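Participant: Sequence first, predicted coordinates after that:
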Amino acid sequence: METLVTLKVSLVLCLIMTETDTKSRIQKAAHDLVMQYGIRSVSMDDIANNLGMSKKTIYQYFKDKDELVEAVVDEVISTNQCACKQDIDRSENAVHAIFLLMEMMAEMSKTMNPSILHDMQKYHPAAVGKFKKHKNEFLYNVCTQNMLRGVQEELYRPEIAVDILCRYRVETMFIPFQP
């Protein structure tokens, strides 16, 4: 009896792991195609063909393209936040942190199709809402903390207008992606 229970648990765990693997494969393929060609240019057929699976399989994991785009945006945001935190932790000072963050953003920009933000704004309002929240909260806070750290380390002038400079810096990061 114990062997039968163990076998059932093993089968269920295997099924759950396979489903998670398939979902993450779909999400990764969508991410890669979207980053290269833009959101609007990539269809669910393109993603299915890239993976060698049917669209029906994709729709078992994501109800529509909007949900898939949201999942891709969530992953990009999560990865970006993790990389930012790592760069801040390994930086020697506030100036070094800025250079590390700028380098990370430049690398990310190299692989990102410029039409992605425009496509999100036009066709995927939930995804663009998540992106704007990330930009206006997380990235703004990273910039603010860096400014305050720089003032404390006496690398930045104490009279610097932190709020204005951070808002400006965050907005200028995304100028290349504006149509």
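Facilitator: That came in fine, so what should we check first? Source: prediction; values computed, not measured.
Participant: any idea of the mean pLDDT for stretch 140-156?
Facilitator: Averaged across stretch 140-156, the pLDDT comes to 95.
Participant: measure the residue sitting nearest the centre point of the chain to Gln121 for me?
Facilitator: Centre of the chain computed as the mean C-alpha position; nearest residue by CA atoms, centre = their mean is Val76, 1.2 Å away. Separation of Val76 from Gln121 (CB to CB, to the nearest Å): 16 Å. Backbone N, C-alpha and C define where each C-beta goes, glycine included.
Participant: same question, Glu153
Facilitator: Counting by CB to CB - Glu153 and Gln121 are separated by 38 Å.
Participant: what's the spacing between the strand or helix carrying His96 and its chain's center?
Facilitator: In the assignment (DSSP states H and E), His96 maps to helix 94-110. Here helix 94-110 is found 15 Å from its chain centre; the criterion is CA atoms, centre = their mean, to the nearest Å.
Participant: Format the CA atom coordinates belonging to stretch 109-128 as PDB.
Facilitator: Included here for stretch 109-128 are C-alpha records, laid out as PDB according to Å, rounded to 0.1, in the frame of the first residue of the first chain:
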ATOM      1  CA  SER A 109      18.500  47.700 -24.300                       C
ATOM      2  CA  LYS A 110      20.700  45.900 -26.800                       C
ATOM      3  CA  THR A 111      18.300  42.900 -26.900                       C
ATOM      4  CA  MET A 112      15.100  44.800 -26.700                       C
ATOM      5  CA  ASN A 113      13.100  45.800 -29.700                       C
ATOM      6  CA  PRO A 114      12.300  49.500 -29.500                       C
ATOM      7  CA  SER A 115       8.600  49.000 -30.400                       C
ATOM      8  CA  ILE A 116       7.900  46.900 -27.200                       C
ATOM      9  CA  LEU A 117       6.800  49.900 -25.100                       C
ATOM     10  CA  HIS A 118       4.700  51.300 -27.900                       C
ATOM     11  CA  ASP A 119       3.000  47.900 -28.400                       C
ATOM     12  CA  MET A 120       2.400  47.500 -24.700                       C
ATOM     13  CA  GLN A 121       0.800  51.000 -24.400                       C
ATOM     14  CA  LYS A 122      -1.400  50.400 -27.400                       C
ATOM     15  CA  TYR A 123      -2.500  46.700 -26.900                       C
ATOM     16  CA  HIS A 124      -1.700  45.500 -23.400                       C
ATOM     17  CA  PRO A 125      -2.800  48.000 -20.700                       C
ATOM     18  CA  ALA A 126      -2.400  45.600 -17.800                       C
ATOM     19  CA  ALA A 127       1.200  44.900 -18.800                       C
ATOM     20  CA  VAL A 128       2.000  48.600 -19.300                       C
END
